[in-house]
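>>> I'll drop the sequence and a predicted model, then ask my questions.
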Amino acid sequence: MTAGSLAMNIVRLYQSPEHIYKGHKGMPAGTVPMTEVPRIRLLAGRGVEGDRYSKLEGAKGQVTFFAEETWLRLRDALGVMDRGSDVFRRNIIVRGTDLNGLIGRDFEVQGVRFHGVEHCKPCFWMEQAFSPGTYALLAEWRAGGLRASVLTDGWLALGGTEAEQCSA
């Protein structure tokens, strides 16, 4: 793979110590919210320090990315203006990046190396978390986000220039 600069701008960072849907099939969702933070520490092979996935070493969903553009498109398509990007329960909300284009590739963001593992398939609970119709649109658009493994330790923070943030 050749080195090159990708346009990725981190606009939100989230972490949560617990799952609220996993293990809740047929029951109400849990109540532990995603916490928005200005920076997160990433641990190689684990994910976001303190996040629910960091407890499972080697998990394919060590960290998740989601496109801000998808959230805004859903808001417009479904007329939902009172739900934030945290309801998708993804760790890193980005702007200006083709997340599906990172599947199967190593990439770097703010000095932290990742491997794009797979597309985050939308889950049925998104109907409850965002709005009825969310699941179908995310599946149609193939825009549920990106699961990535963390290859190196480091920190991610909001802001920075696009050229500094991401290279593949």
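That came in fine, so what should we check first? Please read these numbers as outputs of a predicted model, since none were measured by experiment.

>>> the strands in the chain, which residues?
Per DSSP state E, the chain carries strands over the ranges 9-15, 35-36, 39-43, 47-48, 63-67, 92-95, 106-109, 112-119, 146-150, 154-157, 166-167.

>>> and those: which comes nearest residue 132?
strand 63-67 (19.6 Å; Cβ to Cβ). Using the backbone N, CA and C atoms, a C-beta is placed for each residue, glycine as well.

>>> report the buried residues of the closest one.
By neighbour count on 16 or more other Cβ atoms under 10 Å, the buried set for strand 63-67 is 63, 64, 65, 66, 67.

>>> one more: stretch 42-49?
So stretch 42-49, judged by 16+ other Cβ under 10 Å, has buried residues 42, 43, 46, 47, 48.

>>> could you do stretch 74-89 as well?
For stretch 74-89, burial by neighbour count (16+ other Cβ under 10 Å) applies to 74, 75, 80, 83, 85, 86, 87, 88, 89.

>>> mean confidence score for that stretch?
What stretch 74-89 shows for mean pLDDT is 92.

>>> before we move on, what about stretch 141-152?
pLDDT averaged over stretch 141-152 gives 93.

>>> tell me how far the ends of stretch 63-81 are from each other?
26 Å (Cα to Cα, to the nearest Å).

>>> quick one: the residue nearest in space to the middle of the chain from residue 10, how far?
Closest residue to the average C-alpha location of the chain: residue 65 at 2.3 Å, with Cα atoms, centre = their mean. Using Cβ to Cβ, to the nearest Å, we find residue 65 at a distance of 9 Å from residue 10.
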